[in-house]
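Just the structure for this:
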Amino acid sequence: MSSIMHKDLSTIRRLGIEALTEKLGPVGMVEFIRQFDSGYGDYTKERHEWLDGIDIETIVKQAKLVRN
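As a prediction, this is how the structure comes out:
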(Lines give C-alpha, C1' and ligand atoms only; values in the text may rest on other atoms or scores of the structure.)
Protein backbone atom coordinates (compact mmCIF):
# COMPACT_ATOMS: atom_id res chain seq x y z
CA MET A 1 0.00 0.00 0.00
CA SER A 2 2.84 2.42 0.72
CA SER A 3 3.98 2.18 -2.92
CA ILE A 4 0.80 4.03 -3.92
CA MET A 5 1.99 7.09 -1.97
CA HIS A 6 4.77 7.57 -4.52
CA LYS A 7 2.52 7.52 -7.58
CA ASP A 8 1.18 10.57 -9.36
CA LEU A 9 -2.48 11.53 -8.95
CA SER A 10 -3.55 10.27 -12.37
CA THR A 11 -2.13 6.83 -11.55
CA ILE A 12 -3.85 6.80 -8.17
CA ARG A 13 -7.13 7.79 -9.83
CA ARG A 14 -6.77 5.06 -12.46
CA LEU A 15 -5.93 2.40 -9.87
CA GLY A 16 -8.85 3.51 -7.71
CA ILE A 17 -11.30 3.33 -10.61
CA GLU A 18 -9.97 -0.12 -11.52
CA ALA A 19 -10.35 -1.34 -7.92
CA LEU A 20 -13.88 0.04 -7.61
CA THR A 21 -14.88 -1.43 -10.95
CA GLU A 22 -13.47 -4.81 -9.99
CA LYS A 23 -15.32 -4.91 -6.66
CA LEU A 24 -18.55 -3.08 -7.57
CA GLY A 25 -18.86 -3.50 -11.32
CA PRO A 26 -19.08 -0.56 -13.72
CA VAL A 27 -22.51 0.64 -12.58
CA GLY A 28 -21.63 0.33 -8.89
CA MET A 29 -18.40 2.23 -9.48
CA VAL A 30 -20.26 5.10 -11.15
CA GLU A 31 -22.86 5.21 -8.36
CA PHE A 32 -20.09 5.29 -5.76
CA ILE A 33 -18.24 8.12 -7.51
CA ARG A 34 -21.47 10.13 -7.95
CA GLN A 35 -21.87 10.28 -4.16
CA PHE A 36 -18.87 12.59 -3.98
CA ASP A 37 -19.77 14.98 -6.81
CA SER A 38 -21.01 18.19 -5.26
CA GLY A 39 -22.05 19.59 -8.61
CA TYR A 40 -21.63 23.20 -9.54
CA GLY A 41 -23.57 26.41 -9.85
CA ASP A 42 -26.37 27.82 -7.73
CA TYR A 43 -29.38 25.55 -8.18
CA THR A 44 -31.78 27.85 -6.32
CA LYS A 45 -30.88 30.86 -8.47
CA GLU A 46 -30.99 28.81 -11.68
CA ARG A 47 -34.34 27.28 -10.70
CA HIS A 48 -35.83 30.75 -10.33
CA GLU A 49 -34.45 31.70 -13.75
CA TRP A 50 -36.11 28.62 -15.29
CA LEU A 51 -39.44 28.75 -13.48
CA ASP A 52 -40.21 32.39 -12.67
CA GLY A 53 -42.77 33.59 -15.15
CA ILE A 54 -44.08 30.12 -15.98
CA ASP A 55 -47.59 29.44 -14.71
CA ILE A 56 -48.98 26.06 -13.69
CA GLU A 57 -51.11 25.78 -16.83
CA THR A 58 -48.01 26.01 -19.03
CA ILE A 59 -46.27 23.34 -16.94
CA VAL A 60 -49.28 21.03 -17.23
CA LYS A 61 -49.45 21.55 -21.03
CA GLN A 62 -45.74 20.79 -21.40
CA ALA A 63 -46.05 17.66 -19.24
CA LYS A 64 -48.93 16.41 -21.40
CA LEU A 65 -46.91 17.01 -24.57
CA VAL A 66 -43.99 15.02 -23.18
CA ARG A 67 -46.29 12.13 -22.19
CA ASN A 68 -47.78 11.93 -25.69
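
quick one: low-confidence ranges for the chain?
Counting by pLDDT under 70, the low-confidence segments of the chain come to 1-6.

the helices in it, which residues?
With DSSP state H applied, the chain shows helices at 9-34, 43-51, 56-67, listed in chain order.

if you compare those helices, which one is most tucked away?
Looking across the helices of the chain with neighbours counted as mean count of other Cβ atoms under 10 Å, the highest average goes to helix 9-34: a mean of 12. The C-beta positions use only the backbone N, C-alpha and C, and glycine is treated the same way.

May I have the residues that are in contact with residue 7?
residue 15 (Cβ atoms under 8 Å, 6 or more residues apart in numbering).

ok, now how distant is the residue nearest the centre of the chain from residue 20?
The residue at the geometric middle of the chain, judged as the C-alpha nearest the mean C-alpha position with Cα atoms, centre = their mean, is residue 34 (5.0 Å). Distance of residue 34 to residue 20, given as Cβ to Cβ, to the nearest Å: 12 Å.
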